[in-house]
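Participant: Okay, structure incoming, though there's no sequence with it:
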């Protein structure tokens, strides 16, 4: 073959060789991740889906607990990268932590709905217990939404729904979860109904559900679990126990003996967070009794509660790294011989502060309280006193569980991202405005304030929020039975 | 008789002439710059196929056949000369430089090289001499200060870590600004940010740019994005860097040996406490040995270079070793097929320390007061004690990375005729890197992160990434001239496939002393796979009229597996025009070259793209292991209409030269508009869905690029060249399609965000409004408080030669942008802020965010290199060249902020994301390096 022919042949060969690309098939790319279609075609997608929602519950807890604990008087954010706005109750739609909280709640609800609608349809092996758990988790999304927001959409991009309706939806879904053969879900759903009715001020329904819950499980405790090795770890544990160079969440001195509720349990175990525990039923019943002026009955209920609390486990661990505080060591009470007063008008009380630099500390990791039966007897002189006591116990028992800020009557806002990306909401919607009771708003910069005299070993907290709550029990924003 | 004598003489002459025609002609080709001889000059006998190439000494020899009498001497960059042979047997030629440097050939990546004068765009180019004038360790360092309209900022002083490389403005919120990089026509890994998975060691992240072998480079071209890169396809909107390696020159073999020895010293200019430098820094040895061999004959040429490099850095706990080699060969298969190939290998080992956003970063811990308090108040013995503890901690730190990389390129060139040629290119880049972080109980106890006696806290984290890319290209070039018209037609196709596999293993409860994850109590593993194939077809036509006016048009069609299922081939068009006014006779007649030597106008429009992250179009369910078993959740929401973002760039400019090009200016105005910009904006939280890449944005960049070059002195003994550049960019996000803003770097309280009406990656944070006494009156939440994109930047080089001495100085600057003094935020936590006034010390740092935004203006001298070439008389016969050099890197820095405005501890983004940088955070700057160099050629 002469070279001229070659010259003509080569370009033709080169061009035609392009079709040979098929042999190596360069366009064959396989997504290593699983498409929705592929997942729905698997044999039993419901089980891993429910585990995914439980994992989402852990993510909800991580968004909810630290944010609202900082907002309450329980914890002060002494220069950390956790939310800084809430400490002074600066509640803005632009706050990304508030947005993340909403997102986690929306996702929990949507995941539950997807399980109930889409997966339930394709997975014939779905059990009634699984359906009940989906309703239960969906109900919890509505419950937290109704406790912490004035309005939130209940559908993707939907119109905002006011909080009583959110709580009604919670009750509706808790009811659907009741009767599950999973006794824990059954009892927790009943307690969930009590909690939603309590917040709504439905005293009779709340008490009825609380009593039913006690009957179902007198030791009820429903935990959200975390995964220490694979994540999500418990953010509250990180915030309250672990120390980086500037992670320094500080507890109100009169609650020092309860901190930290979460601690390092080793490389493969995270401290769980309680979402529902039967202590709440007793607290609801006692508050209803006070509302009915049955102070003696309330006293008895609270004494039973103290016994329950005392029966709960405590944990002993090393807390040497806690400096109270790192920025100014020794600027906060850090020893057992320091007496703390809940306010300048309250007595100095010893035994509320732990010494952390010596032996292991012993901390209640489910429920703890400084209140004993004598204190209960001494606090039944008036409704106001009794309510202050109940709210002190609520505060102590629920510390670290993200409940206090709601008890203080504070409601967060619809986030900027929601109203920008949701055509059903505009910037002026009432849901974008925070709710802070005026008696809290007036002292919002001093919620965590105290006067500590290092020499006299006394610490006087500026405001006794429990007293302020009981004094304002007639407000629509707090103490729902009053 | 007279007549007879005349006849005899004529006959003799004719005989002599005839004898001369068959004579061998020899000679030497020299130039003013290379009086010892110019190698590689093409010497041909006009009208024949006879030719030769000059050897290393510029010598040639050829036989002039009968009937021919003219030799043609041609070489790139010089005027072609024709010399009549007559009866000469020795013809020496002195080549004259072509003052019309616009005729410089550039390889725009598609088809054969093209004369710059034909192009309606600008291409920045560095040749070998520029590249190796300063010590060469990694590519971004080479480019820094040397590319007049590109900006390169190195993210940290830790070896092998990320940088910001950009020309013009950032055109995408979905990818970084790093250009696509080709080595000999083959794409290479250009990941210049954290990988999808990677170890959390703070801020410094391993970069694939940092370990591209920099051996044996002949030239580097930087084609700015947009209009010029249309034909590079669906991801070339950020521009293209092309590296061409040496393939050798025919002639006697040359052996080059270079050794560099010197010292690295920590840069203290930016330190808050000089004590930090005393504790962390220590001078380190830097050494480099490079051996190169090249040579060949008319049919085969070869070139090889190998380099061993090591440094102990400038501080405790950080060092690197690099072993690189690259070889290239060109062979004439026959008179119309040429094969050339290059292969490079690098093996790098880096030892790094934690920095930036890590409480293990001891540099940051010192500078931010966070852990050790105010160092100025410490007694010498306290400082000694801190120093001992920190050095011991760093000694226990064990963060290492090993990178192995192999690249090769094969090119067949076919010259079918003088008019038609073709190239077939294929090659690969295979890069594997492994990072490992061993944290022992001892280390944690030493750091105070575990109680004394702890035995169950030890961890080993391992990250491996294997990247493989395959490129194949076939193109045809057809050159035709018809009357006053010249046509250059290029058509072809290209495909590439990227495969990126990552795996991360976290082992906990590791038995003390183990370096293997086998000895762990618990292990968790995560992997990541990304694969994408892009295929495109292109055609380009460059039409010249009277060799002065050029019109160009082209189109590329691209398909890509990352496009949504509803998206077919994408069309990227380009067209432009260039007019070389100074080549017009009327112009030349009116203005001789010693007045205005050159005037060229050019205008171009082109569309280039960035394709979406692979698989971003799919709707996914994500599996997570939760409490030991798999769990499902919503994954990527998916978008079947996902397509590439498209950046349309219009550029208009001109080049003008005065006094035989001793003064040259280059001016370009550009406007680029990215439509369908890929935004990862959030959905409303009520959807409960993660972010989805969507084609909803619009980004605009407008700017000027001004370059100037002055030949201040030009004489036999002394030459002085000064180059300056000044670039502007005005960047704005025109539209976010109504979506809320989203974070692309930094922190929640003070981060880098993308929002309609703002600069891409603008700084967002609360702005305190102060009363007349400086007390906090109110707070503007989420205010726009700055931008990491400096709207003005440029570079300067001074190159002066006196006899055999050469001094080369480079520097660059930026103005108008901002950086965040994150270090001081942490000092604020410790009550030691120097930025926040005393009366605001009790306010929340969130509300003070804007006060930490500072000017990122800087002027930095990057290199001062002095070298001396020994004269040939000194060297004798055995040595061809001996030069000595001395170089100082990073000697002088002018800046305004409390941190180095160049480094960034956060904000470099991760894989497939935009990062603007600008967060000065516990990060060491590039060290000052003092180096001596000896270069020998045999």
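Facilitator: Great, that's in hand. Since the model is a prediction, treat every value here as computed from it, not as a measurement.
Participant: Check the gap between the residue sitting nearest the centre point of chain B and chain A for me.
Facilitator: The residue lying closest to the centre of chain B (C-alpha atoms, centre = their mean) is residue B:140, at 4.6 Å. Distance of residue B:140 to chain A, computed by C-beta to the nearest C-beta, to the nearest Å: 30 Å. Where you see a C-beta, it was placed from the backbone N, CA and C, and this is true even at glycine.
Participant: My reading is that that residue is in a helix; is that accurate?
Facilitator: Yes. Residue B:140 sits within a helix when classified using DSSP: H, G, I helix; E, B strand; the rest coil.
Participant: is it true that it touches residue B:160?
Facilitator: No. Judged on C-beta atoms under 8 Å, residue B:140 makes no contact with residue B:160 at a distance of 10.7 Å.
Participant: between these two, what contacts are shared?
Facilitator: Listed as contacting both residue B:140 and residue B:160 by C-beta atoms under 8 Å, 6 or more residues apart in numbering or on different chains are B:207, B:210.
Participant: ok, the residue nearest to the centre of chain B - contacts?
Facilitator: B:152, B:154, B:163, B:165, B:192, B:207, B:209, B:210.
Participant: quick one: which of the residues you listed is nearest to chain A?
Facilitator: Of all these, the one sitting nearest chain A is residue B:192; the distance, using C-beta to the nearest C-beta, is 23.1 Å.
Participant: Tell me which stretches of the stretch 201-350 of chain A form helices.
Facilitator: A:203-216, A:235-240, A:279-291, A:295-311 (DSSP state H, counting those that start in this stretch).
Participant: wait, which of these is closest to residue A:168?
Facilitator: For residue A:168, the closest of these is helix A:203-216, at 11.1 Å, according to C-beta to C-beta.
Participant: Report the inter-axis angle for that closest one versus helix A:295-311.
Facilitator: With axes from the mean of the first three to the mean of the last three C-alpha atoms, to 10 degrees as the basis, helix A:203-216 and helix A:295-311 are set at 40 degrees to each other.
Participant: Helix A:203-216 vs helix A:279-291, what angle?
Facilitator: Using the same axes, to 10 degrees: helix A:203-216 against helix A:279-291 is 140 degrees.
Participant: which non-adjacent residue is nearest residue 322?
Facilitator: The chain I'm using is chain A. Nearest residue to residue A:322 in three dimensions, chain neighbours excluded: residue A:356, at 4.8 Å (C-beta to C-beta, 6 or more residues apart in numbering or on different chains).
Participant: That was the other one, I meant chain B.
Facilitator: residue B:309 (4.2 Å).
Participant: how many neighbours does that neighbour have?
Facilitator: Counted by other C-beta atoms under 10 Å in any protein chain shown, the residues lying close to residue B:309 total 22.
Participant: can you check the one 10 residues further on too?
Facilitator: By the criterion of other C-beta under 10 Å, residue B:319 has 19 neighbours.
Participant: okay, and the helix or strand of the chain with the least pLDDT?
Facilitator: No chain in the question, so chain A it is. helix A:21-24 (a mean of 53; mean pLDDT, DSSP states H and E).
Participant: wrong one, I was asking about chain B
Facilitator: Lowest by mean pLDDT, DSSP H and E among the helices and strands of chain B is helix B:2-21, with a mean of 44.
Participant: helix or strand right after that one?
Facilitator: Sequence-wise, the next helix or strand downstream of helix B:2-21 (DSSP states H and E) is strand B:24-31.
Participant: Which parts of the helix or strand containing residue A:451 count as buried, going by neighbours?
Facilitator: Assessed by DSSP H and E, residue A:451 sits inside strand A:450-453. Going by neighbour count (16 or more other C-beta atoms under 10 Å in any protein chain shown), the buried part of strand A:450-453 is A:450, A:452.
Participant: And that strand, what does it pack against?
Facilitator: strand A:458-461 (3 or more C-beta pairs under 8 Å, 6 or more residues apart in numbering or on different chains; DSSP states H and E).
Participant: So what touches the strand it packs on?
Facilitator: For strand A:458-461, using C-beta under 8 Å, 6+ apart, the contacting residues are A:252-254, A:332-333, A:338-344, A:348, A:353, A:449-453.
Participant: Could you pull up the contacting residues of residue A:49?
Facilitator: A:111, A:114, A:115, A:119, B:631, B:632 are the contacts of residue A:49 under C-beta under 8 Å, 6+ apart.
Participant: check contacts around residue 147.
Facilitator: Using chain A. Going by C-beta under 8 Å, 6+ apart, residue A:147 touches A:163, A:167, A:199, A:406.
Participant: not quite, I wanted chain B
Facilitator: If you count contacts by C-beta under 8 Å, 6+ apart, residue B:147 has them with B:124, B:126, B:167, B:222, B:795.
Participant: Repeat the analysis, applying 6 Å as the threshold.
Facilitator: The contact partners of residue B:147, by C-beta atoms under 6 Å, 6 or more residues apart in numbering or on different chains, come to B:124, B:222.
Participant: Then it would be within a helix, right?
Facilitator: No. Assessed by three-state DSSP, residue B:147 does not belong to a helix; its assignment is coil.
Participant: Return the per-residue confidence for it.
Facilitator: Residue B:147 carries a pLDDT score of 84 in this model.
Participant: do residue B:589 as well
Facilitator: 88.
Participant: Next, count neighbours for it.
Facilitator: Neighbours of residue B:589 using other C-beta under 10 Å come to 8.
Participant: Give me the phi and psi angles of it.
Facilitator: Main-chain torsions, residue B:589, degrees, to the nearest 10: phi -60, psi -40.
Participant: Next: residue B:378.
Facilitator: According to degrees, to the nearest 10, residue B:378 has phi -80, psi 150.
Participant: Can you tell me the closest non-neighbouring residue to it?
Facilitator: residue B:386 (6.9 Å).
Participant: What subset of the contacts of residue A:147 is buried?
Facilitator: Using 16+ other C-beta under 10 Å, the buried members of the contacts of residue A:147 are A:163, A:167, A:199, A:406.
Participant: The second one and chain B: what is the separation?
Facilitator: If I follow you right, that is residue A:167. 17 Å.
Participant: which ones are touching residue B:404?
Facilitator: Contacts for residue B:404 (C-beta under 6 Å, 6+ apart) come out as B:347, B:432.
Participant: SS state for it?
Facilitator: strand.
Participant: what sits opposite it in the beta ladder?
Facilitator: Residue B:404 forms beta bridges with residue B:347, residue B:432, as assigned by DSSP bridges.
Participant: Name the nearest of the contacts of residue A:49 relative to residue A:388.
Facilitator: Distance to residue A:388 across these (C-beta to C-beta) is lowest for residue A:111, with 40.1 Å.
Participant: what helix or strand is the residue nearest to that closest one when sequence neighbours are not counted on?
Facilitator: Excluding the flanking residues, the one nearest residue A:111 by C-beta to C-beta, 6+ apart is residue A:53, at 4.8 Å. Assigned by DSSP H and E, residue A:53 belongs to helix A:46-71.
Participant: Repeat that for residue A:167.
Facilitator: Going by DSSP H and E, residue A:167 is in helix A:163-177.
Participant: And the strands in the stretch 201-350 of chain B, which stretches?
Facilitator: Assigned by DSSP state E, counting those that start in this stretch, the stretch 201-350 of chain B shows strands spanning B:217-223, B:240-245, B:251-265, B:284-296, B:300-311, B:319-332, B:337-352.
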